[in-house]
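**Q** just a sequence and a predicted model for now, questions to come.
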Amino acid sequence: MEKQLIIQKLLDMARLLNGEEDIDRFFELIIVHISSLLNTERSSFFLLDTERKELWSKVAEGLKHSEIRLPIGKGIAGRCARTAQPFFVNHPDSDPDFDSSWDKRHGYSTRNVLCYPILGRNGQLKGVLQAINKKDGPFDSNDLELASACAAEIAIALENYELLQAVKQAFKDFASALVKTMEAKHPITAGHSQRVTAYTLFLVEKMGLNFQETELCHYACLLHDIGKIAIPDSILTKPGRFSEQEKKVMEGHAIWTRRILEKVRWPKGLEMLPIVASSHHERMDGSGYPEGLCGEDIPLPSRIMAVTDVFDALTSRRDYPKYDGQHTGTPDPFDLERVFNILQQNKGIHLDAHVVELLYAHRQELEALMRRLHTIPEQD
């Protein structure tokens, strides 16, 4: 392979790895580029399981639905993990660490193997890169140099990803704590935001939305009612139905949600979060609030959330009825048939018809999720 082409492929890999936030896609990109650079039939990326002291295959070309686990020190990749040294084996049949059982089970023939350890900045082992069957002959020292460049890029990208995930998790934990603090003002609604988040992510997965859209839905759901922190307790915790003036004040929580979230400098992909989070009470016919948006002018994540927000309100205990005035005190959750009838009646009028139909299509799974969420005790 020409030197200029190699450099270009390495630069392409660095750009893609450091710009990718989806963990599964992240590792798939690694393998695609490694096989191309080293000109091999297949490559694998093993991550270290520190608790079990094993390597496990995060991505292995040719094995989409099975996982390989190797104790550190066992097998050729295990030896690489134990020694933290790179090497290649051009005659695996004569290597004492080579296990031919996988080849026999899958009708494969391993001709040569290259392994390279992935080490963090402090020299700590992160995983092992393994390339199998070079297409144009045996592995040599030039291949180790290429693998070294790849391993360095992977290690940096992996540590950056781990740092980013730690920051995201810290923010999610902080947001959850903030939401629980707000919900403590009105204990009967405790867990509502977390349940709406779970229902929305369930539907998002069924819809096949991409990583950034899923992240947007996650944060928007978690924080969609944060504006209630600005609503007076005398209204927020009032039993029974609101007066017209109280209703207007209560509806103001959507505007407060937007105002609060607009104070945050959101990263790329989450810029729309204040609008999405505050639009969960918009209605398809334009009769909702706070902006009176209509149809597809309402962001798709908000339309999904509108359905899941109603679903959770009707399947949870509430101290005021949302859809009829016949109940007083603290009514029990509505019967599920009644819940789905209400959703059906509002399909295409208040609620997005496609989202409601999707919910119907996966009703059994959704009901199972609902039961799990309502039996999980709140954690401090």
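**A** Alright, I've got the coordinates.

**Q** show me where this structure dips below the pLDDT cut-off.
**A** Where the chain drops to pLDDT under 70, the residues are 1-24, 64-65, 319-330, 376-380.

**Q** tell me how it divides into domains.
**A** Residue ranges of the domains in the chain are recorded as 3-161, 173-375, according to automatic domain parsing.

**Q** what's the closest of these to Val167?
**A** domain 173-375 (9.9 Å; Cβ to Cβ). The way it works is simple: take the backbone N, C-alpha and C, and place the C-beta from them, glycine included.

**Q** what's the helix or strand for Leu358?
**A** According to DSSP states H and E, Leu358 maps onto helix 353-361.

**Q** just checking, what packs against that helix?
**A** Applying 3 or more Cβ pairs under 8 Å, 6 or more residues apart in numbering; DSSP states H and E, we find helix 353-361 packed against helix 192-207, helix 300-314, helix 336-345.

**Q** got these as a markdown table, with distance to Glu215 and mean neighbour count columns?
**A** Below are the helices and strands packed on helix 353-361 laid out as a markdown table (distance: least, Cβ to Cβ, whole Å; neighbours: other Cβ atoms under 10 Å):
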| stretch | distance to Glu215 | mean neighbour count |
| --- | --- | --- |
| helix 192-207 | 10 | 20 |
| helix 300-314 | 10 | 24 |
| helix 336-345 | 26 | 15 |
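
**Q** the ones you listed: which one's closest to Val59?
**A** That would be helix 192-207 among the helices and strands packed on helix 353-361, by Cβ to Cβ, at 20.7 Å.

**Q** and the closest one with helix 300-314, angle?
**A** 130 degrees (axes from the mean of the first three to the mean of the last three Cα atoms, to 10 degrees).

**Q** helix or strand right after the helix or strand harbouring Glu215?
**A** According to DSSP H and E, Glu215 maps onto helix 211-223. Next along the chain after helix 211-223, taking DSSP H and E as the criterion, comes helix 233-236.

**Q** how distant is the helix or strand just after that following helix from the center of its chain?
**A** Following helix 233-236 in sequence order, the next helix or strand is helix 244-251 (DSSP H and E). For helix 244-251, the gap between its own C-alpha mean and the chain's C-alpha mean amounts to 36 Å (Cα atoms, centre = their mean, to the nearest Å).

**Q** what do you get for stretch 41-58?
**A** 21 Å.

**Q** distance between the ends of that stretch?
**A** 18 Å (Cα to Cα, to the nearest Å).

**Q** just the CA trace of the host helix or strand of Trp102, in PDB.
**A** Assessed by DSSP H and E, Trp102 sits inside helix 101-106. Listed in PDB are the C-alpha atoms of helix 101-106, where the atom choice follows Å, rounded to 0.1, in the frame of the first residue of the first chain:
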ATOM      1  CA  SER A 101     -11.300 -25.200  18.200                       C
ATOM      2  CA  TRP A 102     -13.000 -22.000  16.900                       C
ATOM      3  CA  ASP A 103     -11.700 -22.700  13.300                       C
ATOM      4  CA  LYS A 104     -13.000 -26.300  13.500                       C
ATOM      5  CA  ARG A 105     -16.500 -25.100  14.700                       C
ATOM      6  CA  HIS A 106     -16.800 -22.500  12.000                       C
END
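
**Q** on contacts alone, who are the packing partners of that helix?
**A** Helix 101-106 packs on no helix or strand, going by 3+ Cβ pairs under 8 Å, 6+ apart.
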